[in-house]
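Visitor: can you look at this prediction? I've put the sequence above it.
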Amino acid sequence: MDLGLAGRRALVTGAGKGIGRSTVLALQAAGAHVVAVSRTREDLDSLVRECPGVEPVCVDLADWEATEKALSNVGPVDLLVNNAAVALLQPFLEVTKEACDMSFSVNFRAVIQVSQIVAKGMIARGVPGAIVNVSSQASQRALTNHTVYCSTKGALDMLTKMMALELGPHKIRVNAVNPTVVMTPMGRANWSDPHKAKVMLDRIPLGKFAGKLGRSPDLVLAWVRVGVGVGARGGVGNVVDTILFLLSNRSSMTTGSALPVDGGFLAT
Ligand code: NAP
């Protein structure tokens with residue numbers, strides 16, 4: 001299916017690893033020109049080697065002033081994917097100021113800042129645009145030790161609605177995508193324990209984490225046990241496909257939504 005993304009200019013945050021990196025590759029394959037924003041220089045260097053033509057921007061999105069400077073000359077952007085986030089897991093009674101500040105700076109405040117920069121440019125040029133915020137199933141369900149992460153994603157879902165409300169009149173659509181576990185570096189760090197993974201898999205009607213191909217829970221758990229990412233390269237396909245759909249004119253009447261890619265987790 002042609003998504004009509006060829007010739008559009010896209011900006012993806014958290015582009016060095018995981019879902020962000022795969023989104024960059026998919027957007028470029030669809031003919032878009034991509035600005036890739038991330039924190040680790042080596043990730044961006046390898047991304048540019050893998051995907052010549054991608055424009056790297058290396059910045060820590062937790063740093064408001066550095067981000068303002070890094071994106072001041074970013075040029076016209078038609079499509080934005082706010083994907084960068086951190087997941088710092090702590091029991092509620094042990095939540096620290098540092099985890100709160102870092103998580104809300106990256107997962108929430110940077111979304112406001114980058115979206116303001118991009119949306120102001122769209123409005124100034126008088127062009128329509130699409131923004132996708134990468135949220136999580138964790139925005140709508142309490143998960144043990146996820147107090148701060150769940151709260152940032154809950155805030156992000158509401159922010160998505162606010163952005164849709166106020167940017168809609170400018171023909172800028174804003175949607176969230178809410179994945180279940182994906183075995184990216186973040187997913188592996190938090191869900192590689194087979195017992196923990198099984199508890200989550202048992203709550204997912206389709207019995208699998210987000211990936212490209214259908215996989216049985218037993219196979220997923222076997223891979224988790226031996227430390228193999230579930231579809232380590234391309235296993236993020238379900239999520240990336242949904243992001244591209246929400247960026248494309250195929251979803252031209254959809255804004256303010258939080259679209260689960262969760263195997264039914266949020267239906268239960
Ligand atoms: P990941 O593997 O940890 O990759 C995150 C990317 O974001 C990395 O390139 C990271 O760069 C970058 N990043 C983080 N903090 C940054 C900062 N301060 N400034 C600039 N870049 C920063 O994560 P992922 O699993 O792909 O997650 C992508 C999105 O999906 C996140 O919003 C996450 O909450 C969401 N999500 C993930 C899952 C899952 O199970 N994986 C499930 C639901 C939702 P560095 O490595 O250099 O810090």
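Guide: Okay, I see it.

Visitor: tell me which residues touch V177, please.
Guide: Taking Cβ atoms under 8 Å, 6 or more residues apart in numbering, we find V177 in contact with 132-135, 239, 242-243, 246, 258-259, 261. (Glycine included, C-beta is placed from N, CA and C.)

Visitor: an error on my part: the question was meant for L165.
Guide: Taking Cβ under 8 Å, 6+ apart as the test, what L165 contacts is G256.

Visitor: how far away is it from the ligand?
Guide: Distance of L165 to the ligand, given as Cβ to the nearest ligand atom, to the nearest Å: 22 Å.

Visitor: stretch 178-192 close to the ligand?
Guide: Yes - Stretch 178-192 reaches the ligand (Cβ under 6 Å from any ligand atom) through 179, 181-182, 184-187.

Visitor: out of the residues you listed, which are buried?
Guide: 179, 181-182, 184, 186-187 (16 or more other Cβ atoms under 10 Å).

Visitor: burial of the residue in the stretch 1-150 of the chain that the ligand sits nearest to, as a residue count?
Guide: Proximity of the stretch 1-150 of the chain to the ligand (Cβ to the nearest ligand atom) peaks at G18, 2.1 Å away. Using other Cβ atoms under 10 Å, G18 is surrounded by 24 other residues.

Visitor: wait, it sits on V182?
Guide: Yes - using Cβ atoms under 8 Å, G18 is in contact with V182, at 7.2 Å.

Visitor: overlap in contacts, those two.
Guide: Common neighbours of G18 and V182 (Cβ under 8 Å, 6+ apart) are V236.

Visitor: from the chain's centre, how far out does the longest strand seen in the chain sit?
Guide: Counting by DSSP state E, the longest strand found in the chain is strand 172-179. Relative to its parent chain, strand 172-179 has a centroid offset of 9 Å by Cα atoms, centre = their mean, to the nearest Å.

Visitor: got the residues of the stretch 151-268 of the chain near the ligand?
Guide: 179, 181-182, 184-187.

Visitor: how about the contacts made by C51?
Guide: C51 neighbours (Cβ under 8 Å, 6+ apart): 24-25, 28, 34.

Visitor: possible to save the residues of the stretch 151-268 of the chain next to the ligand as JSON lines with distance to L79?
Guide: Below are these laid out as JSON lines (distance: Cβ to Cβ, whole Å):
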{"residue": "P179", "distance to L79": "19"}
{"residue": "V181", "distance to L79": "26"}
{"residue": "V182", "distance to L79": "21"}
{"residue": "T184", "distance to L79": "21"}
{"residue": "P185", "distance to L79": "24"}
{"residue": "M186", "distance to L79": "23"}
{"residue": "G187", "distance to L79": "25"}
